[in-house]
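Enquirer: Okay, predicted coordinates and the sequence, questions at the end:
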Amino acid sequence: MEDLREKMMAKRSNTSWFWDAYTHWPAEHLSREEREALRDRARPAGTENGTGDTVGDMASVFIRLKDPISLGAPSEAVKTLFQTDGLAPFQARFSDQELAAFDGTNPNTDPTAGLFVFLNRTALQDRKHRRALEKVATIVDVGPPVLLGTPLPQTVSTDTAPKTKHGTDTPIVAIIDDGIGFLNRRFTRFAADGVTLKTRFDVFWLQAMEQAAERDGIKIGTILSSDAINALLAKGDEARAYQSLGQTVFGPGSRQAIKQSISHGTHVLDLAAGAEPASNDPLIKVSLMGVQLPPESIADTSGSLIETHSIMGVRWILSRAADGAVFPNVYINMSLGTVAGTKNGTNFVEYQVAKEIQTYNARAASAGSKGRAHVIYAYGNAYQSRLISRKALSGDQAFSVDWRIQPDDFTASYLEIMTAEQNQMGPKSGQKADLPRALDLVLTDPRGTEHKNTVPKPGEAADIADGCRLYHVPARTLETRAGDVISVVGASP
């Protein structure tokens with residue numbers, strides 16, 4: 001009966017099941033030629049992995065298991081789970097970084113512990129298959145479509161870089177950004193001989209868009225150990241090293257900020273932890289970690305691509321920093337932001353980053369360690385951009401907003417309308433609520449034509465004009481808010 005209802009909803013709303021508009025609209029409006037161009041942009045021709053199986057469209061899905069794990073590591077338990085008949089249609093794939101991060105948690109004692117898995121989008125949109133997944137796991141978030149093709153050759157195919165031993169008094173400064181010049185001398189120190197420069201990076205993750213690996217694997221760029229970075233430093237040609245890595249990891253045609261003479265990530269990391277190798281600057285003793293986001297994530301102005309890769313970066317950094325009972329102080333700088341979504345801690349990226357910090361700190365306290373993790377965000381960069389408007393309405397009141405879109409902008413544009421619960425106390429304060437059924441929306445297009453529509457039911461969408469659609473994303477709860485466990489430092493532009 002539910003399957004029939006969903007099919008009727010899809011027919012009436014002219015759309016299939018969706019998680020949010022930012023991920024659904026682009027997926028539905030890409031032509032076959034555009035999809036193939038995106039698939040092949042940074043990958044060799046062909047869409048088969050090493051085993052000869054066809055690799056289709058996937059989505060990154062963050063899940064939490066509902067049943068306790070009785071035996072073995074959490075990563076092996078979740079992989080075994082997706083091999084069962086009921087979940088086989090999802091053709092689940094896993095990244096080494098996520099499996100390692102999941103193994104660092106205890107899902108049996110922390111019901112909010114989870115991980116990203118990559119699932120077949122066709123199976124995800126099928127109610128029968130989705131219901132089978134929801135019996136054993138909670139779907140917390142669904143990311144953008146992932147088009148997989150033949151993997152590019154990688155310098156390091158898996159996260160095999162050894163962990164660096166840290167004491168609790170040795171802090172780590174980590175950065176998640178774009179265009180991080182990790183070979184810059186400001187991020188080095190002299191070796192014992194006083195001549196040779198050695199990197200201060202323990203490890204560096206050069207992320208790229210997801211690529212299929214053998215069996216059930218996913219490759220997301222390449223991991224560079226401190227030894228690998230030192231080998232590049234020894235060659236003495238920073239520009240050539242970036243160019244070679246860019247061609248190997250990203251492929252031709254991709255924007256590569258790391259090759260530019262001035263880049264955002266290098267500037268930000270230098271402000272946070274840069275130091276001259278020959279100086280007595282105490283920052284020389286500070287170890288570094290880095291995550292460079294894929295170029296496509298930075299190019300997406302809505303921020304929907306940044307969310308998944310940023311959260312993965314935070315989880316990876318914290319899993320690498322922790323070593324047994326040793327939990328050093330970790331300071332993660334994220335001078336990035338998203339235009340999409342709420343800005344009150346209820347968005348998935350806001351919640352999950354705070355949750356990862358909370359988990360690290362709880363584990364450190366349990367181990368008797370004084371080390372803590374912190375995240376530093378950029379704040380106020382869009383303060384005068386006039387992107388948000390707030391209005392209290394009652395009865396038949398109307399509210400008009402001028403939505404300015406550049407006439408030569410052919411990319412997708414989005415406008416969000418959100419309502420919040422009146423209750424501002426307790427763990428669910430400020431969470432998104434469903435829009436009222438009686439709300440009418442009137443869109444006046446550039447030609448002056450008015451399109452009046454009633455808000456669709458939660459989980460439904462409706463086409464209201466040529467190239468324009470209303471999505472009603474249902475209210476969702478991300479357990480409890482974790483905003484109070486995150487250290488935030490604001491900085492004006």
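Expert: Yes, it's here. Numbering: from 1, shown residues only.
Enquirer: Would you agree Leu224 falls within a strand?
Expert: Yes: membership of Leu224 in a strand is supported by DSSP: H, G, I helix; E, B strand; the rest coil.
Enquirer: burial measure for the residue lying closest to it once chain neighbours are set aside, as a count.
Expert: Excluding the flanking residues, the one nearest Leu224 by Cβ to Cβ, 6 or more residues apart in numbering is Phe204, at 4.4 Å. Glycine gets a C-beta too; all of them are placed from N, C-alpha and C. The tally of other residues near Phe204 (other Cβ atoms under 10 Å) stands at 24.
Enquirer: State the phi and psi torsions of Phe204.
Expert: As for Phe204, its main-chain torsions (degrees, to the nearest 10) stand at phi -140, psi 130.
Enquirer: With Val339 instead?
Expert: Dihedral angles (degrees, to the nearest 10) for Val339: phi -80, psi -40.
Enquirer: just Ser297 next, same as before
Expert: According to degrees, to the nearest 10, Ser297 has phi -70, psi -40.
Enquirer: what does the helix or strand where Ala228 lies rub up against?
Expert: Assigned by DSSP states H and E, Ala228 belongs to helix 226-235. Outside helix 226-235, the residues that touch it by Cβ atoms under 8 Å, 6 or more residues apart in numbering are 155-156, 161, 164, 182-183, 188, 196-199, 201-204, 241.
Enquirer: and the two most separated of these?
Expert: Val156 and Thr196 (22.9 Å; Cβ to Cβ).
Enquirer: More neighbours: which of those two?
Expert: Legend: neighbour count by other Cβ under 10 Å for Val156 and Thr196, higher for Val156 (15 against 12).
Enquirer: Helix, strand, or coil at Asp408?
Expert: Under three-state DSSP, Asp408 comes out as coil.
Enquirer: how deep is it tucked in, by neighbour count?
Expert: For Asp408, using other Cβ under 10 Å, the count is 5.
Enquirer: hmm, back to that, quick check: pLDDT value at the residue nearest to Leu224.
Expert: As predicted, Phe204 sits at a pLDDT of 96.
Enquirer: Would you mind stating the distance between it and Leu269?
Expert: Per Cβ to Cβ, to the nearest Å, Phe204 is found 11 Å from Leu269.
Enquirer: Report the set of residues contacting both of these two.
Expert: By Cβ under 8 Å, 6+ apart, Phe204 and Leu269 have these common neighbours: Ile180, Gly290.
Enquirer: Show only the entries of the contacts of helix 226-235 found in helices.
Expert: Here DSSP state H is the test, and the contacts of helix 226-235 give Ala241 as lying in helices.
Enquirer: Now, of the contacts of helix 226-235, which are buried?
Expert: Buried residues within the contacts of helix 226-235, counting neighbours by 16 or more other Cβ atoms under 10 Å: 161, 164, 182-183, 188, 197-199, 201-204, 241.
Enquirer: What is the longest strand anywhere in the chain packed up against?
Expert: Scanning the chain for the strand with the most residues, using DSSP state E, yields strand 137-147. For strand 137-147, the contact count by 3 or more Cβ pairs under 8 Å, 6 or more residues apart in numbering; DSSP states H and E identifies helix 21-28, helix 32-41, strand 57-65, helix 304-321, helix 348-366 as packing neighbours.
Enquirer: Buried residues, it. List them.
Expert: Buried residues in strand 137-147 (16+ other Cβ under 10 Å): Ala137, Ile139, Val140, Asp141, Val142, Gly143, Pro144, Pro145, Val146, Leu147.
Enquirer: which other residues reach the helix or strand just after it?
Expert: Next helix or strand after strand 137-147 toward the C-terminus (DSSP H and E): strand 172-177. Among residues not part of strand 172-177, those counted as contacts by Cβ under 8 Å, 6+ apart are 166, 202, 264-265, 268-269, 272-273, 286-293, 310, 313-314, 317, 321, 328-336.
Enquirer: Strand 172-177: how far from the chain's middle?
Expert: Centroid separation for strand 172-177 versus its chain: 15 Å, with Cα atoms, centre = their mean, to the nearest Å.
Enquirer: cool, stretch 345-358 as well?
Expert: For stretch 345-358, the distance to the chain centre is 11 Å (Cα atoms, centre = their mean).
Enquirer: Just the C-alpha atoms of that stretch, please, in PDB.
Expert: Included here for stretch 345-358 are C-alpha records, laid out as PDB according to Å, rounded to 0.1, in the frame of the first residue of the first chain:
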ATOM      1  CA  GLY A 345      22.900  24.400  14.500                       C
ATOM      2  CA  THR A 346      20.100  22.200  13.000                       C
ATOM      3  CA  ASN A 347      21.700  21.700   9.600                       C
ATOM      4  CA  PHE A 348      23.400  18.300   9.200                       C
ATOM      5  CA  VAL A 349      26.900  19.700   8.600                       C
ATOM      6  CA  GLU A 350      26.600  22.000  11.700                       C
ATOM      7  CA  TYR A 351      25.200  19.200  13.900                       C
ATOM      8  CA  GLN A 352      27.600  16.400  12.800                       C
ATOM      9  CA  VAL A 353      30.800  18.500  13.100                       C
ATOM     10  CA  ALA A 354      29.700  19.400  16.600                       C
ATOM     11  CA  LYS A 355      28.900  15.800  17.300                       C
ATOM     12  CA  GLU A 356      32.400  14.600  16.100                       C
ATOM     13  CA  ILE A 357      34.000  17.200  18.400                       C
ATOM     14  CA  GLN A 358      31.800  16.000  21.300                       C
END
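Enquirer: Show me what the mean pLDDT comes to for stretch 185-195.
Expert: The model assigns stretch 185-195 a mean pLDDT of 92.
Enquirer: For that stretch, C-alpha coordinates in CSV please.
Expert: Presented in CSV, the C-alpha positions along stretch 185-195 are these (Å, rounded to 0.1, in the frame of the first residue of the first chain):
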residue,chain,number,x,y,z
ARG,A,185,58.6,26.3,3.6
ARG,A,186,56.3,28.0,6.2
PHE,A,187,55.0,24.5,7.1
THR,A,188,58.4,22.9,7.5
ARG,A,189,61.1,22.7,10.2
PHE,A,190,64.8,21.9,9.9
ALA,A,191,66.0,18.3,10.5
ALA,A,192,68.7,17.6,13.1
ASP,A,193,71.4,18.4,10.5
GLY,A,194,70.2,22.0,10.5
VAL,A,195,70.1,22.0,6.7
